[in-house]
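A.B. asks: Using only what follows, build the 3D model:
(2 chains)
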2 protein chains.
Amino acid sequence: MKKPQLAIALAFGAVTATAAAGDVEDQIRFRQSAYSFLGWNTAKIKAQASDHPDTFNKDEVIAAANAIAGVANAGVFEKLYGPGTDKGTGWKPSRLKPEFFEKQDEAKEINATFIKEANELQKVAAGGDPAAIKAQFGKLAAACKSCHDLIRIRQ
Amino acid sequence: MKKPQLAIALAFGAVTATAAAGDVEDQIRFRQSAYSFLGWNTAKIKAQASDHPDTFNKDEVIAAANAIAGVANAGVFEKLYGPGTDKGTGWKPSRLKPEFFEKQDEAKEINATFIKEANELQKVAAGGDPAAIKAQFGKLAAACKSCHDLIRIRQ
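C.D. replies: Purely as a prediction, here's the structure:
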């Protein structure tokens, strides 16, 4: 006999991975956690490679870029945007627009760009050139913004 | 003239990095986000390499291990445990024991072990051997537990 958790997951078919991530509130909370941790790390790179270049610390920027790539590749999009996650509260109420569920293909494409730019930032950061890091960070930030514009409720 | 943010950070001396991470509530919230995201990823490895080996997915385990290493090396311990972070509320009230501030050396040592085991897990995961991943995951989990026992308030 299959384990109940797996049986449930299989019953969901295409959303197996989502089902495995837990209920709606868990998904929202993990999503918010992932993005907050991401935001903390993007803020470090923005500060050190762009706004306050006198504070540039190569090791810290590399670590931040690795953390960003870690989040980008962790499957947040695939596992934590299940049905119902436009409603409900994780750490705070979800800001996902209900129309996300009709715009998943577009969001998926932006997510692929986000992953590509994050992986590239990881490589560029390892090189340690602040100007190159700033330029690549701009590409990552643009991918973030596209997705916010598409599926995140403005505050 | 130095930028105000930097001047404040420099005034704090040894806690420069902490000061740069923002106020107490921000530090607690980012810390809770980092650990929640970490927990989501450790749960994937525990499920796939230990509890439900029939669900083992090499790529997913590698991604989870990379995410874990990303968190471990991001400077959470150095930047998000500033004075006052045993009090106050991030996403929820802080669970840091007040005695942390007298046990920082011990906590620092555990943190170094946590980083070492996370980096090793990243390497082992890349190899793709479930038994080796399970064994190394056990070492990481032990480091997590040591720190929880030392400085986290039980629920």
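A.B. asks: The residue of chain A found nearest chain B in helix, strand or coil?
C.D. replies: Closest approach between chain A and chain B, counting by Cβ to the nearest Cβ: residue A:70, at 2.8 Å. (Glycine included, C-beta is placed from N, CA and C.) Using DSSP: H, G, I helix; E, B strand; the rest coil, the structure places residue A:70 in helix.
A.B. asks: what separates it from residue A:45, distance-wise?
C.D. replies: Distance of residue A:70 to residue A:45, computed by Cβ to Cβ, to the nearest Å: 14 Å.
A.B. asks: for chain B, what are the nearby residues on chain A?
C.D. replies: Residues of chain A lying near chain B by Cβ under 8 Å from any Cβ of the partner chain: A:3, A:5-6, A:20-21, A:29-30, A:32-34, A:36-37, A:40-41, A:47, A:52, A:54-55, A:60, A:63-64, A:66-71, A:73-75, A:91-92.
A.B. asks: try 6 Å
C.D. replies: Counting by Cβ under 6 Å from any Cβ of the partner chain, the positions of chain A adjacent to chain B are A:30, A:33-34, A:36-37, A:40, A:63, A:66-67, A:70, A:73-74, A:91.
A.B. asks: can you put those in CSV and add neighbour count, secondary structure and pLDDT?
C.D. replies: Shown next, in CSV, are the residues of chain A next to chain B (neighbours: other Cβ atoms under 10 Å in any protein chain shown; DSSP: H, G, I helix; E, B strand; the rest coil; pLDDT from 0 to 100):
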residue, neighbour count, secondary structure, pLDDT
A:30, 25, helix, 98
A:33, 27, helix, 98
A:34, 24, helix, 98
A:36, 21, helix, 98
A:37, 28, helix, 98
A:40, 26, helix, 98
A:63, 20, helix, 98
A:66, 24, helix, 98
A:67, 31, helix, 98
A:70, 31, helix, 98
A:73, 19, coil, 98
A:74, 25, coil, 98
A:91, 19, coil, 98
